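> need the 3D shape of this:
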Amino acid sequence: MHSNGASSRPRQPTVAQLQAQARAAERAQQVAAVAALERSLTSLHHATFPESTRQILPIPAAPASGDVETIRRELYRTATAGVPIWKREDRTRAKAWANHQAPAEAERRHTGALVGVQWEQSQLDQGWDALRNHDALTVIEAVDDAFADNASDSTCVDAGTVPETGARYLTAVVSYGDIDLIPEHRSDRTPGGKPTLRKRTKTDRNALYAESLASTVLATAKEALAVAIGATEARVLVVRPLGAGNVEPIYAGTLRRDFLAQRDWRDMDPLAVAMNAENAQMLRKGSTREVVGLAVEPDSPAAHLLEAWSQAVPEQDPPSPADWLPTDVRGARGRAT
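Next up, the predicted model:
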């Protein structure tokens, strides 16, 4: 009597079970993607930016025997080009000439390489000295190059020295997105422990927006000061699109090198640090603490930074500070965190 082996075989999942597993996997991926986006938005300031250092070019090595042999063969091929193989006497003289000339030619080329490296090193050193001495054009170019790969469009528009205090500053303008940067849902878990998404409240979404904005401010200042090693402070202006080709300022502040030094960046509130910076301005409105455009008062930090930006990009013909904000914001005053 043969036993029925069907009961010992594993049961195959049904189509409905497979579909449920696929939906669960897709939801888990969505939850993980939202969590990863939130981490990336609020942890930009965790990045470590290496400080600029003097670039030293390697000295060309003296020609070795192999280099001389390579040159000898090159000279021989050149000397015998067009000489028929049966003209052995001519080819023998060419070989003797190449043997004699190769060491001197190797030395000549080595000397030329040394001179070239010395000239290039002098050019690099001039740039290095200009960066250390906080030459404005050198600083702007170097910081702009560093900003080229940033997530937010950033540019260095100004650099200089304050005669009264000796402070060496640079001005960076960051073009930031609006609230749509922040996902409408947040990651969570069901009572059963499964990953899920829940809709954010307006207050929660605005809080995350302010935190992500502050993280970008700190990262911008850290990177700029790492590049501009002679600078003592970074003045950061953040603007966002307002429609019809206009923008509005939403943060302005001066972050000093000593203010940012020796911080545990992974165990701190980026918004608190950004708002404790010198002349920090960010305006939040209403019960949901929405980040709104700054009121650009005459002689305010935001006005000074906007002026520096407008002078740096005259071809764009930016509007006057009074025109940067919508009507209901122009009369707003104050600073909020």
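> CA only for contacts and neighbour counts going forward, please
Will do.
> where along this structure do the strands fall?
Applying DSSP state E to the chain gives strands spanning 153-161, 168-175, 185-189, 195-199, 233-243, 246-256, 278-281, 283-285, 290-292.
> buried set for the fifth one?
Buried residues in strand 233-243, defined by neighbour count with 16 or more other CA atoms under 10 Å: 233-240.
> swap in the first one?
Of the residues in strand 153-161, those buried under the neighbour-count criterion (16+ other CA under 10 Å) are 154-161.
> what segments of the protein are helices?
Using DSSP state H, the helices of the chain run over 15-42, 65-79, 88-132, 136-147, 202-227, 257-260, 270-275, 301-312, 327-330.
> returning to what we had before: may I see the strands of the chain organised as TSV, with distance to residue 218 added?
Output for the strands of the chain, formatted as TSV (distance: least, CA to CA, whole Å):
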stretch	distance to residue 218
strand 153-161	13
strand 168-175	11
strand 185-189	24
strand 195-199	28
strand 233-243	9
strand 246-256	8
strand 278-281	12
strand 283-285	18
strand 290-292	17
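> for those strands, which one sits closest to residue 40?
Comparison of the strands of the chain against residue 40 by CA to CA identifies strand 185-189 as nearest, at 13.8 Å.
> name the helices or strands packed onto that closest one?
Judged by 3 or more CA pairs under 8 Å, 6 or more residues apart in numbering; DSSP states H and E, strand 185-189 is in contact with helix 15-42, strand 195-199.
> now do 6 Å
Applying 3 or more CA pairs under 6 Å, 6 or more residues apart in numbering; DSSP states H and E, we find strand 185-189 packed against strand 195-199.
> relative to strand 185-189, how tilted is the strand it packs on?
140 degrees (axes from the mean of the first three to the mean of the last three CA atoms, to 10 degrees).
> before we move on, the earlier item: TSV for the buried residues of strand 233-243, including distance to residue 249 and pLDDT?
Formatted as TSV, these follow (distance: CA to CA, whole Å; pLDDT from 0 to 100):
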residue	distance to residue 249	pLDDT
233	20	96
234	17	96
235	13	94
236	11	95
237	7	93
238	6	94
239	4	91
240	7	89
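> what is the nearest of these to residue 170?
Within those, the smallest distance to residue 170 is 5.1 Å, found for residue 234 (CA to CA).
> out of the helices of the chain, which is closest to residue 185?
Of all those, helix 15-42 sits nearest to residue 185, with 7.6 Å by CA to CA.
> mean confidence score for the closest one?
Helix 15-42 carries an average pLDDT of 69.
> same question for stretch 296-308.
74.
> now it: buried residues?
Those would be 296-297, 301-306, 308, for stretch 296-308 by 16+ other CA under 10 Å.
> now the two most distant members of those.
Farthest-apart pair in the buried residues of stretch 296-308 is 297 and 308; separation 15.0 Å (CA to CA).
> how about the helices of the chain, which one is nearest residue 244?
helix 327-330 (15.0 Å).
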